[in-house]
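[1] sequence and predicted structure, then a few things I'm wondering about:
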Amino acid sequence: MNQLTCDLSRKTTVINPLGLHARPAGMIANLAINAQSDVWLFKNGEQADASSIIDILSLACVKGTDVTLKIEDPDDMNILNEIINLFEKGFGESV
């Protein structure tokens, strides 16, 4: 049986000066709640539900923190890419 392999995770770095504070966490959560399945954020072995602002904040991601985002359903790839785009643009903050 042929099985299409799809990478359901992406690594990125927090580049905005204030890290993942409430506003960026809210931006991530607003995208993640639209996913068909769970979206996860990982930092140093810790895992957070990306649809929960409190979970995201509990990771205490400061500027320079490397994180991994993971989706469970390939149909959510657009959401994963949108969240990664937020990280890459520093959540609209000065970087």
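    Cool, got the structure.

[2] report pLDDT for Ser94.
    With respect to pLDDT, Ser94 scores 85.

[3] residue boundaries of the helices in this structure?
    Under the criterion DSSP state H, the chain carries helices at the ranges 22-32, 53-58, 77-88.

[4] closest one to Gln47 among those?
    For Gln47, the closest of these is helix 53-58, at 8.5 Å, according to C-beta to C-beta. Just so you know, the C-beta spots here come from the backbone N, C-alpha and C atoms, and that holds for glycine as well.

[5] now do Met27 against Asn85, distance only.
    With the distance defined as C-beta to C-beta, to the nearest Å, Met27 ends up 11 Å from Asn85.

[6] please identify which of the two sits among more neighbours.
    Taking neighbours as other C-beta atoms under 10 Å, Met27 and Asn85 compare with Met27 leading, 18 against 11.

[7] need the contact partners of stretch 70-84.
    Under the contact criterion C-beta atoms under 8 Å, 6 or more residues apart in numbering, stretch 70-84 has outside partners 6, 8-10, 12, 28, 31-32, 34-40, 42, 50, 69.

[8] list buried residues within those.
    Burial of the contacts of stretch 70-84 was assessed by neighbour count (16 or more other C-beta atoms under 10 Å); the buried members are Leu8, Arg10, Thr12, Ile28, Leu31, Ala32, Ala35, Val39, Trp40, Phe42, Ala50, Leu69.

[9] closest to Val95 out of those residues?
    Checking the buried ones among the contacts of stretch 70-84 against Val95 by C-beta to C-beta gives Thr12 as the nearest, at 13.2 Å.

[10] and the pLDDT at the closest one?
    97.

[11] check contacts around Leu20.
    The neighbourhood of Leu20, defined by C-beta under 8 Å, 6+ apart, consists of Val14, Ile28, Ile56, Leu57, Leu59, Cys61, Thr65.

[12] no no, Asp49
    Contacts of Asp49 were listed using C-beta under 8 Å, 6+ apart, and they are Ala32, Asp38, Val39, Trp40, Leu41, Asp55.
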